[in-house]
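Trainee: no sequence on this one, just coordinates:
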């Protein structure tokens, strides 16, 4: 069995909860899964930003081609916003990807809570998987029993950290994440997470 680090969420760690939006615009990050991958579901980022603006979102910015959109909305919470954006994608581009919407506060906590300092030397070695909700019965034991070499993982609330110092594409743990957690997940590497955090400023 590989050396797998498992950090279980404590009672002080809270999962994602919809927050109440007031009249002032709040900043959100939409993480779109499965666009611009191997030539499928191609969406130019300028067209994506324009679609968000036509839908009434403000201060829209995108980062690289994997589907990361920072925007402001004066109303709504994470899950309804995700549904709305998926419907927007179907209308504008003909397909509805899985959309995960997180707040700036959630992204900040996820980056600051990184338990793997090795990611600072190699940003591709760490991926943060943002979960659709906090898992109620995660099967972490099954992940821990896999012969995963130097791979390691940690679950903190609604964020799953996967550390793959020997390479992400060949990860033994990666294909089993959603099945073992029982929730949908969308991953971003350490650099992307940090760049999105910088863009919030």
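Mentor: In hand now; what should we look at? Being a predicted model, the structure only gives us computed values, none of them experimental.
Trainee: so which strand or helix has residue 161?
Mentor: If you go by DSSP states H and E, residue 161 is part of strand 159-163.
Trainee: residue 137 now?
Mentor: Counting by DSSP H and E, residue 137 is part of no helix or strand.
Trainee: picking up where we left off before, what pairs with the strand holding residue 161, parallel or antiparallel?
Mentor: strand 126-131 (antiparallel), strand 152-156 (antiparallel) (DSSP bridges).
Trainee: tell me which other helices or strands the helix or strand following it touches.
Mentor: Toward the C-terminus, strand 159-163 is succeeded by helix 177-181 as the next helix or strand (DSSP H and E). Applying 3 or more Cβ pairs under 8 Å, 6 or more residues apart in numbering; DSSP states H and E, one finds that helix 177-181 makes contact with helix 140-144, strand 159-163. Heads up, the C-betas are built off the backbone N, CA and C, glycines and all.
Trainee: who are the packing partners of the first one?
Mentor: I take that to be helix 140-144. strand 152-156, helix 177-181.
Trainee: now do the first one, average pLDDT.
Mentor: When the per-residue pLDDT values of strand 152-156 are averaged, the result is 98.
Trainee: wait, doesn't residue 48 sit right on residue 69?
Mentor: Yes - at 6.5 Å, residue 48 and residue 69 qualify as touching, with contact defined as Cβ atoms under 8 Å.
Trainee: joint contacts of these two?
Mentor: residue 62 (Cβ atoms under 8 Å, 6 or more residues apart in numbering).
Trainee: low pLDDT regions in the protein?
Mentor: For the chain, applying pLDDT under 70 flags the ranges 1-23.
Trainee: mind jotting down where the strands sit in it?
Mentor: Under the criterion DSSP state E, the chain contains strands at 26-33, 58-62, 68-73, 98-103, 126-131, 152-156, 159-163, 185-189.
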